[in-house]
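J.: With the input below, show me the fold.
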Amino acid sequence: MPTFDDSYPAIEPALLQRYGRPALAIDPSLDAFGAAVAVILGRTFEAKKVAKGIDALAEAGLLEAGAWVESDPLEIVDVLKGAGVSATVKVVGPIRRLAGWLMSRQENSPDPLRDESLATSVLREELYGLSGIGPATADAILLWAGHRPVYPVDRPSYRILVRHGWLDPTAEYDEARSVLERAGREDVGALTDLAGWFEQLGRDYCKASVAKCARCPLQPFLPEGGPLEPDAF
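T.: Modelled structure (predicted):
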């Protein structure tokens, strides 16, 4: 059967016709650190709450890496709670560690996440090394905060690839990421669109409990016999 790469020239217009261009997951006016904060908060809270949290942090002067390093975590938690974002020290911990990493990196580069002289692979490994930041979160930071052509593979993306036979269910994270990045031509705009479309597909059709394929725009791309189902997602 065709690979995801082979099918993508037809998949892209099908998704565009159904959904249009997806809304940007992160406010493009934010600098790299602000965008990274939004990414990490977005792993726990819905978009509206993240936006309120970001506004509150900015008003309190806490949307800079240096301010996070110097502040008491409980102060940051209180600011977020005042905006209706019930964060805990455990939630803000990874952001403080990211802030510390950025501060150390800024000794040689003012904006390391967006510094084209720094290899994406190097930054990825360093972000992976921060406690509380897993592969998908690190890649989301690189994509939305660093504007780098990477794909943060979430569970809906994995389900879509596996159910269509584009990925073996035993594949490791980096293999799934490679499949998606090749199809997205390693282009930041194409990858942000694809991530937004797959997130929507996961909510609307490709659910963990059931695959609602009948009206899904990717139904024509299913293997003969219907969606493939691994033991668990």
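J.: domains in the chain, as residue ranges please.
T.: Residue ranges for the domains of the chain, per automatic domain parsing: 4-23+151-221, 32-145.
J.: Quick one: low-confidence residue ranges for the protein.
T.: The chain contains residues with pLDDT under 70 at 231-233.
J.: can you give me the helices in it?
T.: 4-19, 32-42, 47-59, 65-70, 73-82, 89-105, 120-128, 135-140, 155-163, 173-183, 188-204 (DSSP state H).
J.: Provide a list of residues in contact with residue 145.
T.: The contact partners of residue 145, by C-beta atoms under 8 Å, 6 or more residues apart in numbering, come to 26, 30, 32-33, 35-36, 39, 113. (C-beta placed from N, C-alpha, C; glycine too.)
J.: need those residues in CSV with distance to residue 230 and neighbour count, can you?
T.: As requested, these are exported to CSV (distance: C-beta to C-beta, whole Å; neighbours: other C-beta atoms under 10 Å):
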residue, distance to residue 230, neighbour count
26, 31, 23
30, 37, 18
32, 36, 19
33, 38, 24
35, 33, 24
36, 32, 28
39, 28, 26
113, 34, 24
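J.: Which residue, other than its chain neighbours, is closest to the residue nearest the centre of the chain?
T.: The centroid of the chain falls nearest to residue 140 when counting by C-alpha atoms, centre = their mean (3.3 Å). In space, and not counting its chain neighbours, residue 140 is closest to residue 152: 3.9 Å by C-beta to C-beta, 6 or more residues apart in numbering.
J.: what's near enough to touch the one you found?
T.: 135-140, 143, 177, 195 are the contacts of residue 152 under C-beta under 8 Å, 6+ apart.
J.: What are the buried residues along stretch 62-77?
T.: 62-65, 67-68, 71, 73, 76-77 (16 or more other C-beta atoms under 10 Å).
J.: Then stretch 215-222?
T.: 216-219, 221-222.
J.: So which of the residues you listed is the closest to residue 3?
T.: Distance ranking of those against residue 3, using C-beta to C-beta, places residue 221 first at 11.0 Å.
J.: list the contacts for that closest one?
T.: Contacts of residue 221 by C-beta under 8 Å, 6+ apart are 2, 7, 10-11, 164.
J.: let's see 7 Å
T.: Shown in contact with residue 221 (C-beta atoms under 7 Å, 6 or more residues apart in numbering): 7, 11, 164.
J.: ok, now how distant is the closest residue to the first one other than its chain neighbours from residue 227?
T.: Read it as residue 7. Nearest residue to residue 7 in three dimensions, chain neighbours excluded: residue 221, at 5.4 Å (C-beta to C-beta, 6+ apart). For residue 221, the distance to residue 227 equals 10 Å [C-beta to C-beta, to the nearest Å].
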